[in-house]
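J.: whatever this is, show me its structure:
(one chain, ligands or ions: 1)
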Amino acid sequence: METQRLTRRQVLVGGVVGMASLAAPREALRAGSPQTPPAAAAGTLKIGGDLVVNRLGFGAMRITGPGIWGEPKDVAEARRVLRRAVELGVDFIDTADAYGPEVSERLIAEALHPYPQGLVIATKGGFVRPGPDQWVPDGHPEHLREACEASLKRLRLSRIDLYQFHRIDPKVPLEDSIGELARLQKEGKIRHVGVSNFNLAELARARRVTRVVSVQNRYNIADRSSADVLALCEHDGLAFIPWAPIARGSSNTLEGSAASKALDAIAHVHGVSVYQVAIAWLLATPVMLPIPGTSSVAHLEEDVAAARIKLSESELAAIG
Ligand SMILES: NC(=O)c1ccc[n+]([C@@H]2O[C@H](COP(=O)([O-])OP(=O)(O)OC[C@H]3O[C@@H](n4cnc5c(N)ncnc54)[C@H](OP(=O)(O)O)[C@@H]3O)[C@@H](O)[C@H]2O)c1
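T.: Predicted coordinates:
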């Protein structure tokens, strides 16, 4: 059988909207419009009852230097990646003050501000970065306040649509950390509160402090340890944002997973890459908002093209 990979060319043919779309109204970036861009093929998700986004986002951690530290090797390409993501209909960008640190948020503002209508930038606080590959949790209320206010400045926003608590600091009760985010929300600096790297019990505790609208945990075909949290998100209508969606930055890889053979076979039938199948597999769950991260336009186009792949019931069963 003749198969075709969803390539850069197909992405272009399938729905280019050009740089003019940076200022296009939100409706034009949705499925059904003549200008329908590739990311819209994933359908939409409503976060917190009012933020409607295309269900394939972009993770902006990879537009920094090695060890998620400093400037990216190719800063011009990093800016192109951000602009291209928006052209392709991505309207949810995940970042954090800790990426770089500061570099990812600064590049987002430089490349995309003034932001197109409807673009949701979700950032996070709760880490300090002493050096490359070093991540030290800091969940003290004073730190979170300072971090949030610095992110607002860097991102040139008056309010952050989704502010996520990056990871619990074992030295600080999570109620204190989440409580400070709730105060920032009351002050109008945060629209919605999300959490990251939370288990079920921690999520329940956070939800007793304030309304939590999303959870961002590692989840992919090779690592489903957050399946219970995902199930709760499905039940309660929280957005689930899987990080490491194609498991490239993880010790559990797609290649080493039990589903590896099935993945290869499905990728062959669709004429796509296993990474695209891994993203399509995530998209088969309606509360899922994958945020594949990349520093290259070619990989971005490949990842976003996965929004058009619909896996059959038997393919989903084969992946397990
Ligand atoms: N909340 C948290 O604690 C947490 C932790 C980690 C990440 N995150 C967020 O989640 C996002 C995604 O996580 P991740 O970046 O670790 O994801 P990932 O699934 O590990 O994938 C990223 C890696 O895959 C490569 N890649 C991307 N598309 C590819 C393609 N089509 N073909 C081949 N390689 C490809 C990228 O390299 P190239 O640059 O060469 O494309 C990058 O090294 C991050 O960007 C960040 O926003 C959150």
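
J.: point to the helix or strand of the protein where mean pLDDT is at its lowest.
T.: Every helix and strand in the chain was compared by mean pLDDT, DSSP states H and E; the lowest is helix 8-15, with a mean of 38.

J.: and the next helix or strand past it?
T.: Once the chain leaves helix 8-15, the next helix or strand it forms, by DSSP states H and E, is strand 44-47.

J.: what's whichever helix or strand comes after that next one packed up against?
T.: Scanning forward in sequence from strand 44-47 by DSSP H and E, the next helix or strand is strand 51-54. Using 3 or more CB pairs under 8 Å, 6 or more residues apart in numbering; DSSP states H and E as the contact test, the elements touching strand 51-54 are strand 44-47. C-betas here are computed from N, CA, C, even on glycine.

J.: give the rounded mean pLDDT of the strand it packs on.
T.: Computed over strand 44-47, the mean pLDDT rounds to 97.

J.: and whichever strand or helix holds Leu184, what's buried?
T.: Leu184 belongs to helix 174-186 when assigned by DSSP H and E. Judged by neighbour count using 16 or more other CB atoms under 10 Å, the buried positions of helix 174-186 are 174, 177-182, 184-185.

J.: pLDDT averaged over whichever helix or strand comes after that helix - what is it?
T.: The first helix or strand that comes after helix 174-186 along the chain, using DSSP H and E, is strand 190-196. Along strand 190-196, the predicted confidence averages to a pLDDT of 98.

J.: cool, stretch 81-92 as well?
T.: Taken as a whole, stretch 81-92 carries a mean pLDDT of 98.

J.: over to stretch 131-150?
T.: If you average the pLDDT values across stretch 131-150, you get 98.

J.: for the protein, which residue is closest to the average position?
T.: If you average the C-alpha coordinates of the chain and look for the closest C-alpha using CA atoms, centre = their mean, you land on Ile291, 2.9 Å from that point.

J.: and the closest residue to Asn197 other than its chain neighbours, how far from Trp135?
T.: Nearest residue to Asn197, sequence neighbours excluded (CB to CB, 6 or more residues apart in numbering): Arg167, at 4.5 Å. To Trp135, Arg167 is 8 Å away according to CB to CB, to the nearest Å.

J.: could you do His143 as well?
T.: Separation of His143 from Trp135 (CB to CB): 14 Å.

J.: more neighbours: these two, which one.
T.: Legend: neighbour count by other CB atoms under 10 Å for His143 and Trp135, higher for His143 (19 against 15).

J.: next, the more buried one: secondary structure please.
T.: At His143 the chain is in helix, as set by DSSP: H, G, I helix; E, B strand; the rest coil.

J.: so it sits against Val128, correct?
T.: Yes - in terms of CB atoms under 8 Å, His143 counts as a neighbour of Val128; the distance is 7.5 Å.

J.: quick one, grab the pLDDT at the residue of the stretch 51-200 of the chain at minimum distance from the ligand.
T.: At 2.4 Å from the ligand, Gly59 is the closest residue in the stretch 51-200 of the chain, using CB to the nearest ligand atom. Among the per-residue scores, Gly59 holds a pLDDT of 98.

J.: cool, the one 5 residues further on as well?
T.: Here the pLDDT value assigned to Thr64 is 98.

J.: mind giving me the packing neighbours of the helix holding Leu184?
T.: Using 3+ CB pairs under 8 Å, 6+ apart as the contact criterion, the secondary-structure elements in contact with helix 174-186 are helix 141-155, strand 160-165, strand 190-196, helix 200-209.

J.: quick one: mean pLDDT for the last one?
T.: The one in question is helix 200-209. Helix 200-209 shows an average pLDDT of 98 in the prediction.

J.: after it, next one along is what?
T.: Heading C-terminal from helix 200-209 (DSSP H and E), you reach strand 212-218.
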